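Colleague: Next one to model:
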Amino acid sequence: MKNIRATLAIVWRIAAPYFRSEDKWAGRGLLAAVIAMELALVAINVLVSQWQNRFFSAIQGYELDRFVREIWIFLGLAFSFVALAVYKLYLNQWLQIRWRRWLTQHYLGEWLNGSTHYRMQLKGDAADNPDQRITEDVKNFVEQTLTIGLGLLSSIVTLASFVVILWGLSDKAPLHIYGTDIVIPGFLVWCALVYAILGTALTHWIGAPLINLNFEQQRFEADFRFNLIRVRENSEQIALLKGESAERGNLLQRFGFVIGNWYAIMSRTKRLTAFTASYSQAAVIFPYVVVAPAYFAKRIQLGDLMQTGSAFGSVQDALSFFVTAYRSLAEWRSVIARLDGFEMSVSSAATVAAHEPAISVAPGSAKAITLKQLLVNLPNGEPLVSADAFIVRPAERVLVTGPSGSGKSTLFRAIAGIWPFGDGTIAIPEKAKLMMVPQRPYFPIGPLGDAVIYPSDHGTIAPEKIAEALTAVGMPRLAKRLAEDGHWNRMLSLGEQQRLGLARALLHAPDYLFLDEATASLDEPSEARLYRLLAEKLPQATIVSIGHRSTLDAFHTRKMTMVKDGEIHVLGGEPAVAEPSAAR
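Modeller: Prediction:
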């Protein structure tokens, strides 16, 4: 019972915001219409049950006129049932897509808010494969919540409606054993109740493992698909290393988890289906077996017998909702668990910066970036970099060096505000525009012009300026391909990508430009030309570079080196190695 309450609380937390959102009136209206149609369908089933009694009684009494009249009544009921069923499905699907759209937008907003998606990876939270959770899990949650919720509502209303009918029929057809009537008020209702309780208990006992098995199946499927995507994204490196055999083995191993878990689902489903199918088939004949003695004793008519079978079946179906829907419930619970885990992971990553200690990145009154008593840690709390009273002044050129793994890139991430792990303060000049250019720039799939000006929107920078920037960084052949769609991270070499990254920097003209080995894949003459280009085109910009080549010294006015002090690296300064004019 505790698990049921917890599950329902999670469902409410996930589902309720939509019905309080900006789309609430459409959502509430559609839901109300679907519920009304579901109740109308139950009402028609009640009328059909009553019709069955009259229809078969007319047959038994050879009453042709009554028989024909009941045929016309049935046609009216059938037409109403079909019309309601069609439009209930239509409105249900309309509600599904609106709800799914809102929930997808909501999750995308939460996941991509700030740097939450990045921090989730750093924290190593259990919310694996966010892509699946936002696509398949959201779709399944909306669809299954409506299906199961409406099914449960229908079962409750059906139970309330047909219990009254079945209770009345119990008085007409008492339990008849060897010529003796045994009067048990509502005994047909009690028979249906006992039958359903036994069936539900046995179904849960057999099918309970399916909940965890379905959860694992979704995880294994998503993991397999994710690794297939990784192979596609890194096909060049795999081909160069002749790693096809290793990748095949890795993929088949992960697919083996899919197969193994699927076999477990098959085995458990086979047992569950064998029981539920037997249970359903027995339910067809069970009410007639119970009432047949009274019929053959001529205590009731054929119409009463047929109505009893129909009403008993309806009551038994309503009471057996969890038996017939058990597999769907198991899948639904696994979807709920995955979305709950995703929400918890997003919330944890979004609030990590609010927990002490954490690095504080805030606007400062000075015109320089200032690091005060800064300690940058790894996500596990292990200290990595220390810096204090470090100032980056306007129009300065700073080169940061140090051994690999000393935390240079992590320091840049902290300044960018995406790395909260640690303590201390980073003051950024108010309204200053910062831009980070990593060693491997990111380019979205789409037109080249949009990829270069990312994250700006299409049309915000004139194509002529984009073409001019591409020509300036040594990529004139791409200047005529701005409208061409492509996967540019795969189509271009790393050196070409780095040139495009610097073209992006020229177009955005930041106040502070951080280059994290952004020219490491270029030859030294090309690197020198690009640094001179930056000095010419962005004379007022502050440039902070991470690099290992000694040739970079000539393009920077100050050099900072990571020096190991115990378990951490301290950012220390050296005298200027060149006059500002030399950097230009």
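
Colleague: quick one: the helices in the stretch 101-250 of the chain?
Modeller: Remark: helices assigned in the stretch 101-250 of the chain by DSSP state H, counting those that start in this stretch are 116-123, 130-132, 138-172, 187-207, 209-233, 235-240, 244-296.

Colleague: ok and the fifth one relative to helix 138-172, angle-wise?
Modeller: So that's helix 209-233. Here helix 209-233 runs at an angle of 160 degrees relative to helix 138-172 (axes from the mean of the first three to the mean of the last three C-alpha atoms, to 10 degrees).

Colleague: list the helices and strands helix 209-233 packs on?
Modeller: Contacts defined by 3 or more C-beta pairs under 8 Å, 6 or more residues apart in numbering; DSSP states H and E place helix 209-233 against helix 130-132, helix 244-296, helix 326-351. C-beta: built from backbone N, CA, C; applies to glycine.

Colleague: Now residue 333. Nearest residue, chain neighbours left out?
Modeller: In this structure, residue 333 finds its nearest non-sequential neighbour in residue 211, 5.1 Å apart by C-beta to C-beta, 6 or more residues apart in numbering.

Colleague: how near is that neighbour to residue 4?
Modeller: Noted for residue 211: a distance of 12 Å to residue 4, by C-beta to C-beta, to the nearest Å.

Colleague: for residue 378, same thing?
Modeller: Where residue 4 is concerned, residue 378 sits at a distance of 41 Å (C-beta to C-beta).

Colleague: the more surrounded of those two?
Modeller: Between residue 378 and residue 4, residue 378 has the larger neighbour count (other C-beta atoms under 10 Å), namely 15 against 9.

Colleague: State the pLDDT value of that one.
Modeller: With respect to pLDDT, residue 378 scores 86.

Colleague: Excluding covalently adjacent residues, which one is nearest to it?
Modeller: Sequence neighbours aside, residue 384 is the residue nearest to residue 378 in space, at 5.6 Å (criterion: C-beta to C-beta, 6+ apart).

Colleague: Over to residue 561: give its phi and psi.
Modeller: With angles defined as degrees, to the nearest 10, residue 561 sits at phi -120, psi 140.

Colleague: how far away is it from residue 569?
Modeller: Distance of residue 561 to residue 569, computed by C-beta to C-beta: 9 Å.

Colleague: any residues in contact with both of the two?
Modeller: With contacts taken as C-beta atoms under 8 Å, 6 or more residues apart in numbering, residue 561 and residue 569 have residue 402 as neighbours in common.

Colleague: what about those two, which has more around it?
Modeller: Neighbour totals were compared for residue 561 and residue 569, and residue 569 leads with 25 against 17 (other C-beta under 10 Å).

Colleague: so who does residue 85 touch?
Modeller: residue 41.

Colleague: For stretch 213-223, the averaged confidence score.
Modeller: For stretch 213-223, mean pLDDT is 83.

Colleague: Residues in contact with that stretch: which ones?
Modeller: The contact list for stretch 213-223 (C-beta under 8 Å, 6+ apart) reads 128-129, 131-132, 136-137, 254, 257-258, 261-262, 264-265, 268, 330-331, 333-335, 337-338.

Colleague: switch the cut-off to 6 Å
Modeller: Contacts with stretch 213-223, where a contact means C-beta atoms under 6 Å, 6 or more residues apart in numbering, come from 129, 132, 254, 257, 258, 261, 264, 265, 330, 331, 334, 337.

Colleague: go on, stretch 267-277?
Modeller: So stretch 267-277 is in contact with 206, 207, 209, 210, 323, going by C-beta under 6 Å, 6+ apart.

Colleague: and with 7 Å instead?
Modeller: The contact list for stretch 267-277 (C-beta atoms under 7 Å, 6 or more residues apart in numbering) reads 202, 203, 206, 207, 209, 210, 213, 323, 324, 326, 327.

Colleague: what do you get for stretch 33-45?
Modeller: Contact with stretch 33-45 is made by 77, 80-81, 84-85, 87-88, 91-92, 95, 150, 153-154, 157-158, 161, 314, as judged by C-beta under 7 Å, 6+ apart.

Colleague: tell me which element residue 373 falls in.
Modeller: Element membership for residue 373, per DSSP states H and E: strand 369-377.

Colleague: Could you do residue 399 as well?
Modeller: strand 397-401.

Colleague: strands paired with that strand, and their directions?
Modeller: Using DSSP bridges, the strands paired with strand 397-401 in its sheet are strand 542-546 (parallel), strand 558-565 (parallel).

Colleague: sec struct for residue 518, please.
Modeller: With DSSP: H, G, I helix; E, B strand; the rest coil as the basis, residue 518 sits in coil.

Colleague: Buried among the contacts of stretch 33-45? Make that a ChimeraX selection.
Modeller: ChimeraX command restricting the contacts of stretch 33-45 to the buried ones, with burial defined by 16 or more other C-beta atoms under 10 Å:
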select :81,84,88,91,92,95,150,154,157,158,161,314
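
Colleague: Please report the distance of the closest residue to residue 350 other than its chain neighbours from residue 511.
Modeller: Spatially, and ignoring its direct neighbours in sequence, residue 350 is nearest to residue 116 (4.8 Å; C-beta to C-beta, 6+ apart). Separation of residue 116 from residue 511 (C-beta to C-beta) stands at 26 Å.

Colleague: Quick one: neighbours of residue 537, just the number.
Modeller: The local packing of residue 537 (other C-beta under 10 Å) involves 15 other residues.
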